[in-house]
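Peer 1: Just need the structure, nothing else, for what follows:
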Amino acid sequence: MNDESMYHDGMRHLQDIRETRPLADRLEQVTVRSTFTAEDRAFISSRPMMFVATADAHGQPECSYKGGLPGFVRVLDDRTLAFPDYDGNGMYRSWGNVLVNPAVGLLFLDFEEPNRLRVNGSAQISADDPLRADFPGAVFIVRVTASTIFPNCPRYIHKMQTVEYSTYAPRPDYVPPVPAWKTFDSFRDALPARDRDDST
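Peer 2: Numbers count the residues shown, from 1 in each chain. The predicted structure is shown next:
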């Protein structure tokens with residue numbers, strides 16, 4: 001970490017009200033890092049999902065769920081991770097935000113053995129990234145350069161089990177089914193040409 005604190009005045013105000021400034025400072029000193037540890041890499045590669053927070057150029061927030069099979073998020077080096085953008089509803093609210101404001105926050109969770117990891121940093125999205133060939137079904141590749149990486153207390157994570165992975169999750173030598181909503185009359189004529197034949 002650099003010498004600049006990760007806390008702004010609003011955070012400090014609430015810390016002072018609750019008398020948690022020393023605790024917040026200690027957590028920053030002990031748990032916050034700017035490079036991935038071996039444990040971080042293993043945890044991230046084992047996750048089949050994450051939550052992504054972005055904001056547009058005016059600071060309007062967006063939060064989305066991104067899922068795949070374990071390993072769909074790959075740590076490339078000490079500060080960089082990458083993952084595929086798969087076919088979705090075409091709104092591009094998260095990745096459109098990245099084009100005008102690259103700041104992102106990622107949250108990785110384990111619901112079976114409660115654990116969570118935050119990764120904040122700067123993202124870029126590309127259709128020409130060479131990693132795209134490594135991810136079947138990838139439309140774009142998103143790379144995130146981490147600025148802060150830190151675990152959080154998992155005490156409020158509800159313990160749940162994975163019953164099965166989504167049948168829509170891309171994987172090698174597999175063609176996912178067409179999502180039902182793409183067959184609805186209200187959307188069919190608005191689909192891009194590549195999807196119209198598949199949905200009839």
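Peer 1: Near Gln29, how many other residues are there?
Peer 2: Counted by other C-beta atoms under 10 Å, the residues lying close to Gln29 total 9. Just so you know, the C-beta spots here come from the backbone N, C-alpha and C atoms, and that holds for glycine as well.
Peer 1: is it true that it lies in a helix?
Peer 2: Yes: under DSSP: H, G, I helix; E, B strand; the rest coil, Gln29 falls within a helix.
Peer 1: Next, count neighbours for Asp128.
Peer 2: Neighbour count for Asp128, taken as other C-beta under 10 Å: 7.
Peer 1: in which helix or strand would I find it?
Peer 2: Using DSSP states H and E, Asp128 is not contained in any helix or strand.
Peer 1: And the helices in the chain, which stretches?
Peer 2: Ranges of helices in the chain, per DSSP state H, are 9-18, 21-31, 38-46, 93-100, 185-188, 193-196.
Peer 1: which residues are in contact with the first one?
Peer 2: It refers to helix 9-18. Tyr7, Arg21, Ala24 (C-beta atoms under 8 Å, 6 or more residues apart in numbering).
Peer 1: Next, count neighbours for the last one.
Peer 2: When you say that, I think you mean Ala24. The number of residues packed near Ala24 is 18, by other C-beta under 10 Å.
Peer 1: contacting residues around it?
Peer 2: Contacts of Ala24 by C-beta under 8 Å, 6+ apart are Tyr7, Met11, Gln15.
Peer 1: Narrow these to those that are buried.
Peer 2: Gln15 (16 or more other C-beta atoms under 10 Å).
Peer 1: which one of the helices of the chain lies closest to Gly121?
Peer 2: Across those, Gly121 has its closest neighbour in helix 93-100 (11.2 Å, C-beta to C-beta).
Peer 1: Contacts for the closest one, please.
Peer 2: Helix 93-100 is contacted by residues 52, 54-57, 62, 64, 85, 104, 123-125, 140, 142 when judged by C-beta under 8 Å, 6+ apart.
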